[in-house]
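Novice: the amino acid sequence is not available; the structure is as follows:
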């Protein structure tokens, strides 16, 4: 069941990415203060177990009961998601080359703005 849910989230993430690429090109990038005031910001910082540096290119989903939104860490290992207040299910769906998927790759946010850390280990040879 868990694998099915993960596969569905990956599928929805791909669909959302393609839809976003289409719709974002036609939308204005400015959002009024009143439209954004009810949103919360969730920050994930992904670092290396070996050296504590941020890991770029970790792809994760922020999921509700009906939709998943993919986000990717930047060069500092930080990924920021802004959305409605919700207890999101966060899943790592892809690690960059050289890093292992953590044994537990599912987390849950609180309903309000939150920052949390994830530590990944390098692939053992």
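Specialist: That came through fine. A quick note: this is a predicted structure, and the numbers were derived from the prediction, not measured.
Novice: drop to CA atoms for contacts and neighbour counts, all remaining ones
Specialist: Fine.
Novice: now do the strands in the chain.
Specialist: Here the chain has its strands, by DSSP state E, at 40-48, 59-63, 68-72, 78-83, 89-94, 106-108, 114-120.
Novice: what's the angle between the first one and strand 78-83?
Specialist: Meaning strand 40-48. For strand 40-48 against strand 78-83, the angle by axes from the mean of the first three to the mean of the last three CA atoms, to 10 degrees is 160 degrees.
Novice: who are the packing partners of strand 40-48?
Specialist: Counting contacts by 3 or more CA pairs under 8 Å, 6 or more residues apart in numbering; DSSP states H and E, strand 40-48 packs against strand 78-83, strand 114-120.
Novice: weakest of those in terms of mean pLDDT?
Specialist: Mean pLDDT is lowest for strand 114-120 among those, at a mean of 91.
Novice: low pLDDT regions in the protein?
Specialist: By pLDDT under 70, the weakly predicted segments of the chain are 1-37.
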